[in-house]
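In: Let me see the structure of the following:
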Amino acid sequence: MTFFLENFGIGFLAGNDLYHTIKMAKRAEEAGFNNCWIAEDYFYGGAFATATAYALNTSKIDIGIWVINPYTRHPALITMETAALDACSKG
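Out: Residues are numbered from 1 along each chain as shown. Down below sits the predicted model:
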């Protein structure tokens, strides 16, 4: 019997150690998860930098940012950060 985790993801809240969550993202990818989500919190590391770290340490899992504040982050900056993340993750 084959088991597939179709459209199943994992999410990380702010406040977790970056290196620990990178390991968890790798394990999720190895286990067959399709996506990994990051929430941003102003008292911890930025979501885009965290997502980039995940992208550079994984190869198949989709990475998404689930919460950012459009009032304190200008839409042009969000677009620039998204483009950089897309380039680092090779799409």
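In: Tell me where this protein is predicted with low confidence.
Out: Per-residue confidence for the chain (pLDDT under 70) gives these ranges: 1-6, 14.
In: what about the strands in it?
Out: 9-12, 35-39, 62-67 (DSSP state E).
In: right, and the ones you listed - which one's nearest Ala55?
Out: strand 62-67 (5.5 Å; CB to CB). For every residue, glycine as well, the C-beta is placed using N, CA and C.
In: Pull the distance from the closest one to the chain's centre.
Out: Using CA atoms, centre = their mean, to the nearest Å, the mean C-alpha position of strand 62-67 is found 5 Å from that of the whole chain.
In: List the buried residues in it.
Out: The neighbour-count check on strand 62-67 (16 or more other CB atoms under 10 Å) flags Ile63, Ile65 as buried.
In: Against which helices or strands is that strand packed?
Out: Judged by 3 or more CB pairs under 8 Å, 6 or more residues apart in numbering; DSSP states H and E, strand 62-67 is in contact with strand 9-12, strand 35-39, helix 47-57.
In: Tell me which strands it pairs with, and in which orientation.
Out: Note on strand 62-67: by DSSP bridges, its sheet partners are strand 35-39 (parallel).
In: Just want the angle from the partner strand to helix 47-57.
Out: Put simply, strand 35-39 runs at 150 degrees to helix 47-57, going by axes from the mean of the first three to the mean of the last three CA atoms, to 10 degrees.
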